[in-house]
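1. Here is my input; please provide its structure:
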Amino acid sequence: MLLFIFFNILSIYLSIYLSIYEYNTCSIKLFYRLMKRATKCFCFDLSCFLLFKFSQFSLPEYNYGLPGKGKSKKRKQFILPKISGEILFGIHPVILALKCEKRTFYKLYLQNSIQKSDPHQQIMTTCNEKGVIVMPTDKTILDCLSGNRPHQGVCLDASTLKVDTLEIDLFRKSKIIAAKEPPLWLLLYRIQDPMNFGAILRSCYYLGVDRVIFSQENSAPLNPVVSKSSSGAMEIVPMSATQREQSLVYMIKTEKKNGWKVIGSVGRQDIDSLNRSSVIPIDQFVLRDPTILMIGNEGSGLTDRMLRLCDELVTINPRNDDHCPLVDSLNVSVATGILLHSLKKSRNPS
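-> Residues are numbered from 1 along each chain as shown. Alright, predicted model coming up:
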């Protein structure tokens, strides 16, 4: 009886010892065979079986499941800094955010091992002028701060971007400012992918859209991913938003009475459900009045309520009608760029 208790205690002790120090599977098997000959205890047999299983799973990943300890790796221990706002990442978003001063800046994290280029020097100089603390930081920490997205060696802790509230006066002021040519506004309706949102804002800035409007109720938030995908254009494009969709719809209805024209974009898959005669190709549309171009959701497009607000419906015709039915539409950011370019050409014929 004493011998039975002794072997059970010894088995538990050695199991813990072998698990802690990660002995290889061969050593554990040898220990198992010796102890099994010494005792026929079922509990001991079960504990050794569990020991094999857990010891195999505890092998380092870089050893590819082979027995043994494998090469030891010393991993850097680091503590992530405390963030006061949100992390902007990438050279262009950081430079334009610092330039426009629409945010509060807390701290700049600059990769300490990167070769400093002219943009990096520009960022450091601007931070010194504005009194922003510059912290040399390891790349691993920057990867964590940016969510493993391409940060180009720079991350900026800043407050969120505040968007102007859309008001009726903005419509009137836009008509006065753009007296020589009709203003062009872009309404983004329920765009939910931040990458699409950012790419659209980049096209808006490049093509000279006067203002981007949207409702914050069902749209992607203006976060650092949007800023990065816009190459920083989010910081400088004039934008206004409403809290609720109903407010946006009310303002559109009001301004239609004051001379604004609303055109909606539809895809080829939506034309069949609409009156074909009411949809015109974008290259046949001429921009003569203050105009709002509506761009719908990536999947469902514009709802019936929004379509009823439109004075005209436009579409982009493909080059051929015999193209593959699986590729029957364009990405929303690509389509928006084409529509805006066509409208700009019609507004400023060369």
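
2. From here on, just use CA atoms for contacts and neighbour counts.
-> OK.

3. the helices in the stretch 151-300 of the chain, which residues?
-> 168-177, 194-207, 224-229, 245-256, 268-271 (DSSP state H, counting those that start in this stretch).

4. Mind listing residues that contact the third one?
-> Under the criterion CA atoms under 8 Å, 6 or more residues apart in numbering, residues 86-90, 92-93, 194-199, 233-235 lie in contact with helix 224-229.

5. what about that helix, distance to the chain center?
-> Offset of helix 224-229 from its chain centre (CA atoms, centre = their mean, to the nearest Å): 6 Å.

6. Just the CA coordinates for it, please, in PDB.
-> Provided in PDB are the C-alpha atoms of helix 224-229 (Å, rounded to 0.1, in the frame of the first residue of the first chain):
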ATOM      1  CA  PRO A 224      -7.900  56.500 -39.300                       C
ATOM      2  CA  VAL A 225      -8.600  53.800 -41.900                       C
ATOM      3  CA  VAL A 226     -10.700  56.200 -43.900                       C
ATOM      4  CA  SER A 227      -7.900  58.800 -43.600                       C
ATOM      5  CA  LYS A 228      -5.200  56.400 -44.800                       C
ATOM      6  CA  SER A 229      -7.200  55.100 -47.700                       C
END
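
7. What average pLDDT does it get?
-> Average pLDDT, helix 224-229: 97.

8. Excluding covalently adjacent residues, which one is nearest to residue 98?
-> residue 126 (7.3 Å; CA to CA, 6 or more residues apart in numbering).

9. for the one you found, helix, strand, or coil?
-> Secondary structure, DSSP: H, G, I helix; E, B strand; the rest coil: residue 126 is helix.

10. re earlier: and which of the contacts of helix 224-229 is nearest to residue 308?
-> residue 197 (24.1 Å; CA to CA).

11. from what I can see the closest one touches residue 221, true?
-> No: with contact defined as CA atoms under 8 Å, residue 197 and residue 221 do not form a contacting pair (9.2 Å).

12. ok, those two, which is more surrounded?
-> residue 197 (25 against 15; other CA atoms under 10 Å).

13. any idea how far the more buried one is from residue 296?
-> From residue 197 across to residue 296, the span is 12 Å (CA to CA, to the nearest Å).

14. which residues do the two both contact?
-> residue 191.

15. can you pull the contacts of residue 188?
-> Contacts of residue 188 by CA under 8 Å, 6+ apart are 212-215, 294-296.
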